[in-house]
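Novice: Have a look at this fold, sequence not included:
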């Protein structure tokens, strides 16, 4: 994994795949951890959808204006321009993978990440 970025409110990210790797602006995959009581406040992505796959911990997500209780092996999808937030409501570290994905360009459809690696 690439460099860990320690963000605000108990959030930590490690880049797995970058825009440069994919050759697509706005396409990013990160491994993310969130401390107990850590959170990401309500925000939107103007041009990218955000998909998260949770594999440890539990949390509350708000997508649009509806709240969801998330557990391991759940997936959250927030389309572009949809307000969303997350909060680690457990007593342990929350772990998940997230993917920012722009609207697919025809050259990306049907190709695997390994196709783009040197």
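Specialist: Arrived safely, thanks for sending. Nothing here was measured: the structure is a model prediction, and the numbers come from that model.

Novice: Okay, helices next: where are they in this structure?
Specialist: Assigned by DSSP state H, the chain shows helices spanning 19-22.

Novice: Apart from its chain neighbours, what residue comes closest to the residue positioned nearest the centre of it?
Specialist: Nearest to the mean C-alpha position of the chain, by CA atoms, centre = their mean, lies residue 98 at 2.5 Å. Leaving aside its sequence neighbours, residue 98 sits nearest to residue 52 (CB to CB, 6 or more residues apart in numbering; 4.5 Å). Any C-beta I mention is one placed from the backbone N, CA and C, and that applies to glycine too.

Novice: if we look at the sheet, which residues does that neighbour bridge to?
Specialist: Going by DSSP bridges, residue 52 is paired in beta bridges with residue 76, residue 98.

Novice: residues contacting it?
Specialist: Listed by CB atoms under 8 Å, 6 or more residues apart in numbering, the contact partners of residue 52 are 32, 75, 76, 77, 86, 96, 97, 98, 99.

Novice: separation between the first one and residue 65?
Specialist: What it means is residue 32. Using CB to CB, to the nearest Å, residue 32 is found at 23 Å from residue 65.

Novice: can you give me the mean pLDDT across stretch 50-61?
Specialist: When pLDDT is averaged over stretch 50-61, the result is 88.

Novice: roughly how far out does it sit from the chain middle?
Specialist: Averaging C-alpha positions (CA atoms, centre = their mean, to the nearest Å) puts stretch 50-61 9 Å from its chain's average.

Novice: Give me the buried positions along it.
Specialist: The neighbour-count check on stretch 50-61 (16 or more other CB atoms under 10 Å) flags 50, 51, 52, 54, 57, 58, 59, 61 as buried.

Novice: could those go into a markdown table alongside distance to residue 13?
Specialist: Output for those, formatted as a markdown table (distance: CB to CB, whole Å):
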| residue | distance to residue 13 |
| --- | --- |
| 50 | 13 |
| 51 | 15 |
| 52 | 12 |
| 54 | 15 |
| 57 | 15 |
| 58 | 20 |
| 59 | 16 |
| 61 | 17 |
